[in-house]
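Need a 3D model of the sequence below.
(chains A, B and C)
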Amino acid sequence: MPELPEVEVTRRSFAERIEGALVTGIRLGAPLRWPLGCDPEMLRGFTVGQTQRRGKYLWMPLSAPAGGEGGGGLLMHLGMSGSLAFGESLGPPGRHDHVDVLTSRGILRLTDPRRFGAVVWSASMQHGMAAKLLASLGHEPFDPALTPQALHAALRRRRTSIKAALLAGDIVVGAGNIYACEALFGAGIDPRTRCDRISRPRAEALLREVRSTLSLALELGGSTLRDFRDAHGMNGEFQGQARVYGREGLPCVRCGAAVRRVVQGQRSTFFCPGCQRR
DNA sequence: CGGGACGCCTGTGAGC
DNA sequence: TGCTCACAGGCGTCCC
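As a prediction, this is how the structure comes out:
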């Protein structure tokens, strides 16, 4: 599920409700990508702060009880198949529920069948594992510092394909496989185009499309949050909006040409050979 | 160093 | 029905 819009929608769905809650315990299920990185007992009595998002990560600050030391936070990632639920009556943890943060206001629960997700303790976003994981992230897509010129300049230094660069997330974060395909379609750029061959006006168009694609998804409440049980999670609201993703062989909504699928870096890329040019 | 492949896991749908 | 296979919204690590 989780590209930037889904992660942000997730954040908004629990951040205000959990802020100020007291941690009463942590329940761990099967291991995730990395170990928690601290003794779960240590977090008892900590207060939850304002949960924020960086790229596809969520950072939930935890402050130690008055006079106590060792505050920090939990860095959370949903991987490919993760989701977070927050509520008072979630029921007993199931086979894919791997972390429960028990609080005075309810349980924050990470469910993740594939276990590519993570919940990791760090002393701050600038320390430990969090710092390491966040270090190479690019601009937030809506950061005003990310200007067309800045994007163009960054692309000029790259030889890899524009699709691969978007997915890498070290120039701009947030667009995963679906939204990268959709944004490139919107901008009329062939996903196989080398970054350093993208003109300034096209970089500008791409930035505009990355932003509008992500905002639209955000407006729609993400893609599949509501109905995540479904197979590829693609039965959500964004599926109806997708113009190329998952539409191999179907006519392009703009020009009617058959949408193509190619593989780039072991990931499917969908594009319209008629509308998208190198 | 940049760039690409690999591996982590489980689940699902298609095809036989 | 049951098997095998391809594929899945991410990303750190390894190797060239």
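
how many neighbours does the residue of the stretch 1-150 of chain A at minimum distance from DNA strand B have?
Here the residue of the stretch 1-150 of chain A nearest DNA strand B is A:Arg114; by Cβ to the nearest atom of the strand that distance is 3.3 Å. For the C-beta atoms, the positions are set from N, CA and C on the backbone; glycine is no exception. Using other Cβ atoms under 10 Å, A:Arg114 is surrounded by 12 other residues.

mind checking the SS state of the spatially closest residue to it that is not a sequence neighbour?
Counting by Cβ to Cβ, 6 or more residues apart in numbering, the nearest residue to A:Arg114 once its immediate chain neighbours are dropped is A:Ser81, at 4.3 Å. Following DSSP: H, G, I helix; E, B strand; the rest coil, the label given to A:Ser81 is coil.

can you list the domains in chain A?
Recorded structural domains for chain A (assignment: automatic domain parsing) are A:4-134, A:148-271.

Which one of those lies nearest to A:Arg277?
domain A:148-271 (5.6 Å; Cβ to Cβ).

chain center to the closest one, what's the gap?
Mean-position distance between domain A:148-271 and its chain equals 14 Å (Cα atoms, centre = their mean, to the nearest Å).

Repeat that for stretch A:75-87.
Relative to the centre of its chain, stretch A:75-87 is centred 10 Å away, using Cα atoms, centre = their mean.

got the CA coordinates for it in PDB?
The C-alpha coordinates for stretch A:75-87 follow below in PDB (Å, rounded to 0.1, in the frame of the first residue of the first chain):
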ATOM      1  CA  LEU A  75      10.700   5.200  13.400                       C
ATOM      2  CA  MET A  76       8.100   3.200  11.500                       C
ATOM      3  CA  HIS A  77       7.900   2.000   8.000                       C
ATOM      4  CA  LEU A  78       5.200   0.100   6.300                       C
ATOM      5  CA  GLY A  79       7.300  -1.700   3.700                       C
ATOM      6  CA  MET A  80       5.200  -3.200   0.900                       C
ATOM      7  CA  SER A  81       2.300  -4.600   2.800                       C
ATOM      8  CA  GLY A  82       2.200  -2.900   6.100                       C
ATOM      9  CA  SER A  83      -0.600  -0.900   7.700                       C
ATOM     10  CA  LEU A  84      -1.200   0.800  11.000                       C
ATOM     11  CA  ALA A  85      -4.400   0.700  13.100                       C
ATOM     12  CA  PHE A  86      -5.100   2.700  16.200                       C
ATOM     13  CA  GLY A  87      -8.000   1.900  18.400                       C
END
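
Return the set of buried residues in that stretch.
A:75-79, A:81-86 (16 or more other Cβ atoms under 10 Å).

so where's the stretch 51-200 of chain A shaky on pLDDT?
Residue ranges of the stretch 51-200 of chain A with pLDDT under 70: none are present.

Spell out which residues of it are next to DNA strand C.
Residues of the stretch 51-200 of chain A found near DNA strand C (Cβ under 7 Å from any atom of the strand) are A:55-57, A:77, A:79-80, A:114, A:116, A:133, A:136, A:167, A:169, A:176-178.
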